[in-house]
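> sharing a sequence plus its predicted fold:
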Amino acid sequence: QVFLPFSSLCSAQWTFWDNIDYLKFRGDFYKPAMIVPFRREIAANPIWNTKLKPEALIKATIIRLGEMGKPAIPYEVIDIGVRNFMRYMDINEYQRVDHEIAFLRKLEELMTATITRQFALPGKQAEKS
């Protein structure tokens, strides 16, 4: 879970947490028998065969974190987080993020589906990507 500056609202993959057995996930996921194949599967996915602009990916990541707040994080808080961090990184030109946000959503779906296959609660299925 992540907090944006100037916000006490937490960002997380809420549906993901609702669909998995958290205690089993927490106890098993980071063991080598589970995490190594997970990392290999994610790394081998063709999702990585795309060009991304690093500056736009930074902005898109902050926006995604804001979008995942529960309750919703006000746009003004997301915007100030983007502006402050981009200035801190000395990135002063406007960044279009359509492609980068689409990439992040696909990556989130891939990771969620991959983990949920192993840790889904009874009656829950991995979300389709």
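Cool, got the structure. Residues are numbered from 1 along each chain as shown.

> so who does the most centrally placed residue in the chain touch?
Central residue of the chain (CA atoms, centre = their mean): Glu108, 5.1 Å from the mean position. Contacts here follow CB atoms under 8 Å, 6 or more residues apart in numbering; on that basis Glu108 touches 13, 64. From N, CA and C alone the C-beta is placed, and that goes for glycine too.

> for this structure, give me the ranges with low pLDDT.
1, 3, 125-129 (pLDDT under 70).

> mind naming the longest helix for it?
The helix that spans the most residues within the chain, counting by DSSP state H, is helix 98-119.

> any buried residues in it, and which?
In terms of neighbour count (16 or more other CB atoms under 10 Å), helix 98-119 has its buried residues at 100-101, 103-104, 107-108, 111-112, 114-116, 118-119.

> re earlier: okay, the residue nearest to the centre of the chain and Met86: tell me how far apart.
22 Å (CB to CB, to the nearest Å).

> got it, and Ile42?
Ile42 sits 28 Å away from Met86 when distances are taken as CB to CB.

> the more surrounded of those two?
Higher neighbour count among Ile42 and Met86: Met86, with 18 against 15, using other CB atoms under 10 Å.

> what helix or strand does that one sit in?
Using DSSP states H and E, Met86 maps to helix 75-88.

> which strands and helices lie in contact with that helix?
With contacts taken as 3 or more CB pairs under 8 Å, 6 or more residues apart in numbering; DSSP states H and E, helix 75-88 sits against helix 54-67.

> what's the helix it packs on packed up against?
Other helices and strands packing on helix 54-67, by 3+ CB pairs under 8 Å, 6+ apart, are strand 10-11, helix 75-88, helix 98-119.

> hang on, the earlier thing: buried residues, the helix holding Met86. List them.
Of the residues in helix 75-88, 77-78, 81-82, 85-86 count as buried by neighbour count, 16+ other CB under 10 Å.
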